[in-house]
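>>> Give me coordinates for this.
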Amino acid sequence: MASLLRRSAKFTSGLLSSLSVCTRNGRACALPYHQLNHRNSSTTSKIKVDLDSSTGVAVMTFQGPPVNSMSLDFLTEFAISMEKLELDKSCRGVILTSGLPKIFSAGLDITEMYGKGPEHAAVFWRAVQEMWLKLYGSNMVTIAAINGSSPAGGCLMALSCDYRIMADNPRYSIGLNETLLGIVAPFWFMDTMNNTIGNRETEKALQLGLLYSTSDALKAGLVDELVPEEKVLTTATEAMAKWLSIPDHSRQITKSMMRKQTIDKLSSNRETDVNYFVKFITKDSIQKSLGMYLAMLKKRKA
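Numbering: from 1, shown residues only. Below is the predicted model of the structure:
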């Protein structure tokens, strides 16, 4: 796992080096989280991080209206936040949740993929890869407190966590629905879902672009618990305490062993994956599908 972190740190190292540092007891340390959030708030911060050093638990709240879309800015901020928490010895677990009503995350920002050139597409896809590597390969306990719908990339983020708790609301749904947009989920999206709900269920879900209701998601194993909406975060906090009762070293090694093969598969094929994505997403037919979907969304808003 440590070697993974060293490999995946390359993307954010330049960004992290640009952050101000302070000196405390002769040691270099990153800005405290409340200062980072305050500084980011003036530049449209999309993620709020609150770390309780007494419990070792951080709550990462997505706050990118209207639907927490994973733009390049969002993904970059997420990678930096995860890196900082990973390096903070006082942090042992992180809870992901949303500060917006009815939505956890709507997934990848389509405007980052539509009408952009190959160079931008490559930069964006590397940021998507980095998000997954940081989360799926984290040493920390990661729990998704899913307090709204979570399609596509939002589902991937939830699946990448160790445990998933979702609000029991019939209006909410979760799933990798890329095929409905004319997009194919990459192999590491597929592997992440397959590792969670099994090959046959994943095959059906991906081909049909299924968005599971909360009850069906629980039945399929896509989420681990359903609770009333107002109890999602408190239940996640209680679950975190259970996970943190296990010695860190044994839990981390077990997690690393379970996930290593999936992580290595992407780590050793990152550029091939980027090249495939760029070639695919810039096809005229795919651009046309994305354009039609964006037009539909505009019409719906109007």
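
>>> show me the contacts for the nearest residue to Leu156 once chain neighbours are set aside.
Closest residue to Leu156 apart from its sequence neighbours, by CB to CB, 6 or more residues apart in numbering: Phe189 at 5.6 Å. All C-beta atoms are positioned from the backbone trio N, CA, C, and that covers glycine. Neighbour list for Phe189: Leu156, Leu176, Glu178 [criterion: CB atoms under 8 Å, 6 or more residues apart in numbering].

>>> which residues in this protein form helices?
Applying DSSP state H to the chain gives helices spanning 2-8, 10-17, 33-41, 72-87, 118-136, 153-159, 187-197, 199-208, 214-220, 232-244, 248-267, 270-281, 284-301.

>>> ranking the ones you listed by burial, who's on top?
helix 153-159 (a mean of 27; mean count of other CB atoms under 10 Å).

>>> measure Met240 to Cys91 for me?
Remark: distance between Met240 and Cys91 (CB to CB, to the nearest Å) = 12 Å.

>>> who touches both of these two?
Val57.

>>> how about low-confidence regions in this structure?
1-43 (pLDDT under 70).

>>> Relative to Glu271, how far out is the residue nearest the centre of it?
Nearest to the mean C-alpha position of the chain, by CA atoms, centre = their mean, lies Met157 at 3.1 Å. From Met157 across to Glu271, the span is 23 Å (CB to CB).

>>> now Ala205
With CB to CB as the criterion, Ala205 and Glu271 are 28 Å apart.

>>> ditto for Glu77
In terms of CB to CB, Glu77 sits 24 Å off from Glu271.

>>> Likewise for Ser53?
Look at Ser53 and Glu271: by CB to CB, they are 39 Å apart.

>>> With Gly148 instead?
Applying CB to CB to Gly148 and Glu271 gives a distance of 35 Å.

>>> give the contact list for the spatially closest residue to Cys91 that is not a sequence neighbour.
Residue nearest to Cys91 in three dimensions, not counting chain neighbours: Leu85, with 4.7 Å by CB to CB, 6+ apart. The contact partners of Leu85, by CB under 8 Å, 6+ apart, come to Val49, Leu51, Ala58, Met60, Cys91, Val94, Met140.

>>> go again using 10 Å as the cut-off
Contact partners of Leu85, counting by CB atoms under 10 Å, 6 or more residues apart in numbering, are 30, 33, 49, 51, 58, 60, 91-94, 134, 138-140.

>>> Could you do Phe280 as well?
By CB under 10 Å, 6+ apart, the neighbours of Phe280 are Ala121, Ile183, Val184, Pro186, Ile286.

>>> Pull the most distant pair out of those residues.
Spatially, the most separated pair among the contacts of Phe280 is Ala121 and Val184, at 14.9 Å (CB to CB).

>>> beta partners for the residue lying closest to Leu210 once chain neighbours are set aside?
Spatial nearest neighbour of Leu210, excluding adjacent residues (CB to CB, 6+ apart): Gly175 at 4.9 Å. Legend: beta-bridge partners of Gly175 under DSSP bridges are Pro151.

>>> Sweet, I'm off.
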